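Trainee: pasting the sequence and the predicted coordinates here, then a few questions.
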There are 2 protein chains.
Amino acid sequence: MKRIEKRSGTAFRVAKGQYLTVIDPEGGQVSDLVCYSADDVGEVLSNGRTFDYEETIRLGKGNRLWSNRSHPMLTIVEDSCECHDFLLTPCSEATFEHFYPDKPVHRGCFGNLAEALQPYGIGEDAIPTAFNVFMNVETEGGTVAVKPPLSKAGDRIVLRAEMDLIVGLTACSAYASNGGSFKPIDYQVGADHDDR
Amino acid sequence: MKRIEKRSGTAFRVAKGQYLTVIDPEGGQVSDLVCYSADDVGEVLSNGRTFDYEETIRLGKGNRLWSNRSHPMLTIVEDSCECHDFLLTPCSEATFEHFYPDKPVHRGCFGNLAEALQPYGIGEDAIPTAFNVFMNVETEGGTVAVKPPLSKAGDRIVLRAEMDLIVGLTACSAYASNGGSFKPIDYQVGADHDDR
């Protein structure tokens, strides 16, 4: 098990067939996930293609996350929280200035992902709308409302890689998405996963 | 006024301050719109940034469409239809094979946009989730359902460019998004627009 400290991020490889487990160790925290084909980083996670093929904006167990080239990248094989977001982009300097003008600006998940992905040759402009694990976004009547996550301590999601991937993953830095409390995120990559 | 023939697409420049009018001449047709900064095509339309800043997934008059770099690209200044989609990606060979396995495959809006944008140095992988003008997508309970457009003959949307843009625009090729009837789309670019 590895830990992503609060308000930070990382990137790593996940081979086809391996399982990525993302855990909220304390509860109430969000983790932004982006991914790219390891063979060609021009192939990237796409919320629009995913909404098209999965025919839902509420992704959970059994759903797949698709690329801009219409290939499955990850399949959700386990999900103890059942509340994630795929509508909103990673928090950034610009979103801090916009939403929290009276608070210190942070580079956010966007800056953390950009630094973590740079060694893989992935630039800032290539960071897509993230799959925001444990993020609780209501869209009643179309209005977007970011609510505190529903995740409890130990909640987790397990995703199987459907191709060789480079994954970017964060412990979210924004105030609204984790209820104002910055917390770590744990993850592991392995050939198996414990069914629960 | 220019016409985009059924199941085709085009691309053109719109200068900052100019107005782009998109018209459904017959009613019940969808037009996929994507855009890029003319100064640097790495800056591209982003549904996630737009949902973040506009705080709605139902865009209409007064809303702005934002870039991946957190800049406004277009402002909707007029909207007689009030039903558009910003969740789904342009139809493509892959979506035709997926959704209409018994029908002839078409390159779709994706292929039409790729050809139209290629002279501007914009590749296929850079085609984002489109702003789908007049597209009627219901998301009741999270489930995505593509319904016939609500647009009547002559319905239009007017957008003001907030930066110099390259715009890609189509007359949609998919069966579901236009109720199975392929129709043209009209558009114009100008310094003014008629208030209605």
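Mentor: In hand now; what should we look at? Numbering: from 1, shown residues only, chains lettered A, B, ... in the order given.
Trainee: is residue A:32 in contact with residue A:108, as I believe?
Mentor: No - counting by Cβ atoms under 8 Å, residue A:32 stays clear of residue A:108, with 9.2 Å between them. Any C-beta I mention is one placed from the backbone N, CA and C, and that applies to glycine too.
Trainee: list residues touching both of those two?
Mentor: Common contacts of residue A:32 and residue A:108 (Cβ atoms under 8 Å, 6 or more residues apart in numbering or on different chains): residue A:90.
Trainee: which of the two has more neighbours?
Mentor: Taking neighbours as other Cβ atoms under 10 Å in any protein chain shown, residue A:32 and residue A:108 compare with residue A:32 leading, 31 against 24.
Trainee: partner residues bridging that one?
Mentor: residue A:132 (DSSP bridges).
Trainee: can you list the low-confidence ranges for chain A?
Mentor: A:194-196 (pLDDT under 70).
Trainee: enumerate the residues of chain A near chain B.
Mentor: A:42-44, A:46-49, A:51-58, A:68-70, A:87-89, A:92, A:94-95, A:98, A:123, A:125, A:127-130, A:139, A:141-145 (Cβ under 8 Å from any Cβ of the partner chain).
Trainee: which ones among those are found in helices?
Mentor: Applying DSSP state H to the residues of chain A next to chain B, the entries found in helices are A:47-49, A:51-54, A:94-95, A:98.
Trainee: going through those, which ones are buried?
Mentor: Using 16 or more other Cβ atoms under 10 Å in any protein chain shown as the burial test, these include A:47-49, A:51-54, A:94-95 as buried.
Trainee: endpoint to endpoint, stretch A:136-153 covers what distance?
Mentor: The straight-line separation of the ends of stretch A:136-153 (Cα to Cα, to the nearest Å) is 15 Å.
Trainee: ok, residues contacting it?
Mentor: With Cβ under 8 Å, 6+ apart as the test, stretch A:136-153 has contacts from A:24-30, A:57, A:81-83, A:85, A:87-88, A:134-135, A:176-179, B:51-52, B:54-58, B:139.
Trainee: buried among those? Make that a ChimeraX selection.
Mentor: Buried residues within the contacts of stretch A:136-153, by 16+ other Cβ under 10 Å, are selected in ChimeraX with:
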select /A:24,25,26,27,28,29,30,57,81,83,85,87,88,134,135,176,177,178,179 /B:51,52,54,56,57,58,139
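Trainee: quick one on the thing from earlier: and of the ones in helices among the residues of chain A next to chain B, the nearest to residue B:161?
Mentor: Using Cβ to Cβ, residue A:94 comes nearest to residue B:161 of these, at 20.0 Å.
Trainee: now do the contacts for that closest one.
Mentor: Applying Cβ under 8 Å, 6+ apart to residue A:94 gives the contacts B:69-70.
Trainee: repeat that for 10 Å
Mentor: When contacts are counted by Cβ atoms under 10 Å, 6 or more residues apart in numbering or on different chains, residue A:94 is found next to A:105, A:108, A:110, B:49, B:52-53, B:66, B:69-71.
Trainee: just residue A:56 next, same as before
Mentor: Contacts of residue A:56 (Cβ under 10 Å, 6+ apart): A:50, A:63, A:86, B:139, B:141-145.
Trainee: mark which of those residues are buried, thanks.
Mentor: Using 16+ other Cβ under 10 Å as the burial test, the contacts of residue A:56 include A:50, A:63, A:86, B:139, B:144 as buried.
Trainee: where do the strands sit along chain A?
Mentor: A:2-4, A:9-14, A:19-24, A:31-37, A:64-66, A:72-79, A:131-133, A:136-138, A:145-147, A:155-161, A:165-170, A:185-190 (DSSP state E).
Trainee: what packs against the fourth one?
Mentor: Counting by 3 or more Cβ pairs under 10 Å, 6 or more residues apart in numbering or on different chains; DSSP states H and E, the packing neighbours recorded for strand A:31-37 are strand A:9-14, strand A:19-24, strand A:72-79, helix A:108-117, strand A:131-133, strand A:155-161, strand A:165-170, strand A:185-190.
Trainee: could I have the CA atoms of it written out in CSV?
Mentor: Extracted C-alpha coordinates of strand A:31-37, given in CSV (Å, rounded to 0.1, in the frame of the first residue of the first chain):
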residue,chain,number,x,y,z
SER,A,31,-8.9,11.4,-5.5
ASP,A,32,-8.6,12.7,-9.1
LEU,A,33,-7.7,9.9,-11.5
VAL,A,34,-6.5,10.4,-15.1
CYS,A,35,-5.0,7.9,-17.4
TYR,A,36,-3.2,7.5,-20.8
SER,A,37,-2.2,4.6,-23.0
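Trainee: from the chain's centroid, how far away is that strand?
Mentor: 6 Å (Cα atoms, centre = their mean, to the nearest Å).
Trainee: distance to residue A:172 added to the buried ones among the contacts of residue A:56, as TSV?
Mentor: Below are the buried ones among the contacts of residue A:56 laid out as TSV (distance: Cβ to Cβ, whole Å):
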residue	distance to residue A:172
A:50	20
A:63	21
A:86	15
B:139	24
B:144	26
